[in-house]
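Undergrad: Fold the following and give me the result.
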Amino acid sequence: MDIVSLHKVKKHYGQGGNVVKALDGVSLSVGKGKFLAVLGSSGSGKTTLLNMIGGLDRPDSGSVIVEGTDMASLNETQATVFRRNRIGFIQQDFNLFGTFTILENILLPLTLGNSSPDKDFLEEILAVFKLSDKKDAYPADLSGGGQQRTAIARALITKPSIILADEPTGNLDSRSSQNVLGLLKQSAELYHQTLIMITHNKEIAQLADEIAFIEDGMIKVALC
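TA: Have a look, this model is predicted:
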């Protein structure tokens, strides 16, 4: 069963002779529980693709269906609630709040939704990502790998069915990158989540179930 389906999606920016075809008729399907790696050079349309799936941007034409929901049919409030409950975002710059503790950063999506955490699940997440003894620390007290583990834990705390990761190891050294990737794949398998990751690293992509190549806003090759 496909959990994400894009059909002939186009997204262009600019006017006249300065039009950038970020996505130019992209069709792509991702099955439930799959790990898809999206490879492409800078400016190829990778981030726009991820933003479409996450409902952060809307297509000029074509359709984006996520868990049976047409993302273009949602207003801003509905899209925000959908993202908060169903999608976990992980970005390479971590996006942690420096004045919040590690625990407060992890719980932020639930706090924004006025929801209480599942205490057992929270303890499990803290243990899996080796943050149990660091929950009262602040982001500046942690290494880059520790901050990225915090960002991943925050993405998982709402038990989303889809994880969208934009170059999640881009700011990490090779050892930390391997650790974070291992945790990401482990958590996706453990919690039966679909993982879609943007990367420029072919070695990282080899860990995925499927690989898609995007260039000039078009999917060139998709391997399973």
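
Undergrad: CA only for contacts and neighbour counts going forward, please
TA: Will do.

Undergrad: did I read that right, Ser5 in a helix?
TA: No - per DSSP: H, G, I helix; E, B strand; the rest coil, Ser5 lies outside any helix segment and is strand.

Undergrad: Relative to Leu195, how far out is it?
TA: Distance, Ser5 to Leu195, by CA to CA, to the nearest Å: 14 Å.

Undergrad: if you count what's nearby, which of the two comes out ahead?
TA: With neighbours defined as other CA atoms under 10 Å, Ser5 and Leu195 compare such that Leu195 has more, 26 against 18.

Undergrad: The more buried one belongs to a strand?
TA: Yes - counting by three-state DSSP, Leu195 falls inside a strand.

Undergrad: right, and it touches Ala188 too?
TA: Yes - using CA atoms under 8 Å, Leu195 is in contact with Ala188, at 6.6 Å.

Undergrad: Mutual contacts of those two, please.
TA: Gly33 (CA atoms under 8 Å, 6 or more residues apart in numbering).

Undergrad: residues contacting the most centrally placed residue in the chain?
TA: Closest to where the C-alpha atoms of the chain average out (CA atoms, centre = their mean) is Leu164, at 1.5 Å. Residues in contact with Leu164 (CA under 8 Å, 6+ apart) are Leu50, Gly54, Ile87, Gly88, Phe89, Ile90, Leu195, Ile196, Met197.

Undergrad: In terms of helices and strands, where is it?
TA: Remark: Leu164 resides in strand 162-166, with elements defined by DSSP states H and E.

Undergrad: and if you look at Leu107?
TA: For Leu107, the host element (DSSP H and E) is helix 102-112.

Undergrad: Tell me the buried residues in that helix?
TA: Ile102, Leu103, Glu104, Asn105, Ile106, Leu107, Leu108, Pro109, Leu110 (16 or more other CA atoms under 10 Å).

Undergrad: Gln148 touches Phe94, doesn't it?
TA: Yes - in terms of CA under 8 Å, Gln148 counts as a neighbour of Phe94; the distance is 5.9 Å.

Undergrad: If you count surrounding residues, which of those two has more?
TA: Gln148 (28 against 20).

Undergrad: Pull out the buried positions in the helix or strand harbouring that one.
TA: For Gln148, the host element (DSSP H and E) is helix 144-156. With burial defined by 16+ other CA under 10 Å, the residues of helix 144-156 counted as buried are 144-156.

Undergrad: ditto for stretch 163-177
TA: Of the residues in stretch 163-177, Ile163, Leu164, Ala165, Asp166, Glu167, Pro168, Thr169, Asn171, Leu172, Ser176, Ser177 count as buried by neighbour count, 16+ other CA under 10 Å.

Undergrad: ok, Gly145 touching Gly170?
TA: No - at 11.0 Å, Gly145 does not count as touching Gly170 under the criterion of CA under 8 Å.
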